[in-house]
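Participant: Turn this into a model:
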Amino acid sequence: MRKLLIVSCFLLVLIGTAAASAPSQPLYVLDDFPTNGTILLRDATGWSDLKVVGIGDNGATAPNYMKPFLWEPGYTAIKQLALPSTGGFVGGAAYAISPSGQIFGTATTTGGSSANNAVQYYSDTVAATSLDNSTVTRQMVRNVSADGTKVVGCYATPSQATVWTVGTIGVSEVTGGGEVYAVNNDGTILGGITSTLGWVSRDGGATLKSVPVSETGTVTTVAYVSNDGGTVYGSETIGTNYHGKIWTWNGTDYVYSKDMPMITGGTSWILGGSGGPTAAYSTSGDGKYVVGNIKVGTSSVPVIWDTTKASPTKITDWLTAEQQALIPSGYSITYVYGISNDGTTLYGEVKSGTTIKGFVALVPEPATISLLGLGGLALIRRKK
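Facilitator: A predicted model of the protein is given here:
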């Protein structure tokens, strides 16, 4: 009886701690930014300490239309992140957030990408700081390592694959690489593309290993590399369609392993919903979950694939009734852009007519957590 009491108290402490730190509902819809504008979610932390970053578009003309934002549960509205205090910056975008909450993106003097500067954002009151003191233009941030030490992307035209080391002003070029999308947890393994091929660097960017096409297509995205570099997720363009692909390391080269499965009637697997840069956020850090959209006929269907299962699941089937009830009337989920590094936060967009809002949801669904709690109590009873 005493053991039961101790274990029960321990569970109550855990439940109380989770309740104190977790969001109060399993799905949120983020409103327009600013009034009558549009927001695009670009990255999120795990659910237990939820933070979401992205781009706000107020519909105005350049140079003032694009703004970086941060949202957390409890905010009455999303907050515009403070731009650098010098340099004449008027807009920007928050593209990546590490699990510990470090925010990275770009700031621009024109509202467009041609004058972007890679920066670290902090809050709505603390001015952003530059990651790069060079004069090269068109700097683009695509991802950040989970430990927050390496920021990856590209700069210039044509694109030059780039790695920024946080805390050290300056840039490292990836020779021969066009753009970096994928980075493992400590920044030692990178994945990216050029105009002609996909590649992985197993030594932080010093040398590149090509990711071969499996059919007659072109590798268009390397979206994920595992921590040991042994597994790669990406996509291939074959005809007019995208095919999700998985490659593995054989000790010498990367070789095609298999296609990502489709849902019934699917013809195109678009990682990260809209492909390209959004594909960088389409997988959890352990590679268990992949999110995006699958084209079925003329429709684009948002999906999540638990890679331990045979096929993806439509988001409308994945979300619980409680979560779907929190989506405003008249809105539907149109894209799933990404999933957090720890696989607990799913995010994308909902749309009604021409109005777009962001959504963020718990993964796995609350029902699973409830069942886990019941299972834990049953286990205690069996040990009585």
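Participant: For burial, what's the neighbour tally of residue 88?
Facilitator: 12 (other CB atoms under 10 Å). No exception for glycine: its C-beta is placed from N, CA and C like everyone else's.
Participant: so what's it up against?
Facilitator: residue 109 (CB atoms under 8 Å, 6 or more residues apart in numbering).
Participant: Try it again at 10 Å.
Facilitator: For residue 88, the contacting residues are 63, 107, 108, 109, 110, 115, by CB atoms under 10 Å, 6 or more residues apart in numbering.
Participant: For residue 212, what are phi and psi?
Facilitator: Dihedral angles of residue 212 (phi, psi; degrees, to the nearest 10) stand at phi -80, psi 150.
Participant: any idea how far residue 223 is from residue 66?
Facilitator: For residue 66, the distance to residue 223 equals 24 Å [CB to CB, to the nearest Å].
Participant: Could you dump the contacts of residue 88 into JSON lines and include distance to residue 339, neighbour count and secondary structure?
Facilitator: Converted to JSON lines, the contacts of residue 88 look like this (distance: CB to CB, whole Å; neighbours: other CB atoms under 10 Å; DSSP: H, G, I helix; E, B strand; the rest coil):
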{"residue": "63", "distance to residue 339": "33", "neighbour count": "16", "secondary structure": "coil"}
{"residue": "107", "distance to residue 339": "26", "neighbour count": "28", "secondary structure": "strand"}
{"residue": "108", "distance to residue 339": "28", "neighbour count": "26", "secondary structure": "strand"}
{"residue": "109", "distance to residue 339": "33", "neighbour count": "18", "secondary structure": "coil"}
{"residue": "110", "distance to residue 339": "32", "neighbour count": "15", "secondary structure": "coil"}
{"residue": "115", "distance to residue 339": "31", "neighbour count": "20", "secondary structure": "helix"}
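Participant: Dig out what residue 190 forms beta bridges with.
Facilitator: residue 183, residue 201 (DSSP bridges).
Participant: Start at 385, not 1
Facilitator: Yep, numbering from 385; the last one is residue 574 now.
Participant: returning to that earlier point: which one of residue 450 and residue 607 has more residues nearby?
Facilitator: Neighbour tally, residue 450 and residue 607, criterion other CB under 10 Å: the higher count belongs to residue 607, 27 against 23.
Participant: Check the secondary structure at that one for me.
Facilitator: strand (DSSP: H, G, I helix; E, B strand; the rest coil).
Participant: Can you report phi and psi for the nearest residue to it once chain neighbours are set aside?
Facilitator: Using CB to CB, 6 or more residues apart in numbering and skipping residues adjacent in sequence, the residue nearest residue 607 is residue 663, 4.1 Å away. The phi/psi pair for residue 663 (degrees, to the nearest 10) reads phi -60, psi -20.
Participant: Helices of the chain, residue ranges please.
Facilitator: 386-405, 699-702, 705-709, 750-766 (DSSP state H).
Participant: from the middle of its chain, how far away would the shortest one be?
Facilitator: The one in question is helix 699-702. When distances are taken as CA atoms, centre = their mean, to the nearest Å, helix 699-702 is centred 19 Å away from the chain's centroid.
Participant: Give me the buried positions along it.
Facilitator: By 16 or more other CB atoms under 10 Å, the buried positions in helix 699-702 come out as 699, 702.
Participant: what about residue 580, how many neighbours?
Facilitator: 9.
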